[in-house]
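Asker: dropping a prediction and its sequence here:
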Amino acid sequence: MTLTSQTKGFQKLAVSTSAVSLTIPADAFTAYVQVETDSIRYRTDGTAPTSTDGTLAYPGQVIEITEYEQLKNFKAIQADVASGAGQLNIEYHYKQ
């Protein structure tokens, strides 16, 4: 699915051994989340992932979030606790 929207904002988010949430700009509705470094696990149901529970995403992978509920419930944690902190690049959009 391709988002029909305009860019609303951008965020860089460090991901380590504690679950983190997104800082969503006002009016943002959807987002592309790119895993820049180190694998992560994420959930979009509001439950905090762990290093062994959640959807696994690898560096270079882009996660497309198309529902606002999933966007506000997104939480991520690094998948490999032996590696350094991961980095996410998030591009937020609002619907046209």
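Answerer: Here it is on my side, so go on.
Asker: partners of the residue most central in space within the chain in the sheet?
Answerer: Centroid check for the chain by CA atoms, centre = their mean gives residue 33 as the closest residue, at 4.7 Å. Bridge pairing for residue 33 (DSSP bridges) gives the partners residue 63, residue 90.
Asker: mind listing what it touches?
Answerer: Contacts of residue 33 were listed using CB atoms under 8 Å, 6 or more residues apart in numbering, and they are 42, 62-65, 74, 88-90. All C-beta atoms are positioned from the backbone trio N, CA, C, and that covers glycine.
Asker: quick check: end-to-end length of stretch 47-54?
Answerer: 9 Å (CA to CA, to the nearest Å).
Asker: rounded mean pLDDT for it, please.
Answerer: Across stretch 47-54, pLDDT averages out at 95.
Asker: same question for stretch 67-83.
Answerer: Rounded mean pLDDT across stretch 67-83 is 91.
Asker: equivalent analysis for stretch 25-43, please.
Answerer: On average, stretch 25-43 scores 94.
Asker: now the strands for this structure?
Answerer: 5-15, 20-21, 30-37, 40-43, 55-57, 62-65, 75-78, 86-95 (DSSP state E).
Asker: can you list the ones you listed in CSV and add distance to residue 49?
Answerer: Listed next are the strands of the chain as CSV, based on distance: least, CB to CB, whole Å:
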stretch, distance to residue 49
strand 5-15, 10
strand 20-21, 10
strand 30-37, 13
strand 40-43, 4
strand 55-57, 8
strand 62-65, 13
strand 75-78, 5
strand 86-95, 12
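Asker: got the contact list for residue 10?
Answerer: Taking CB under 8 Å, 6+ apart as the test, what residue 10 contacts is 89-92.
Asker: show the buried residues in those residues.
Answerer: 90-92 (16 or more other CB atoms under 10 Å).
Asker: residues of stretch 68-76 that come out buried?
Answerer: Judged by neighbour count using 16+ other CB under 10 Å, the buried positions of stretch 68-76 are 70-71, 73-76.
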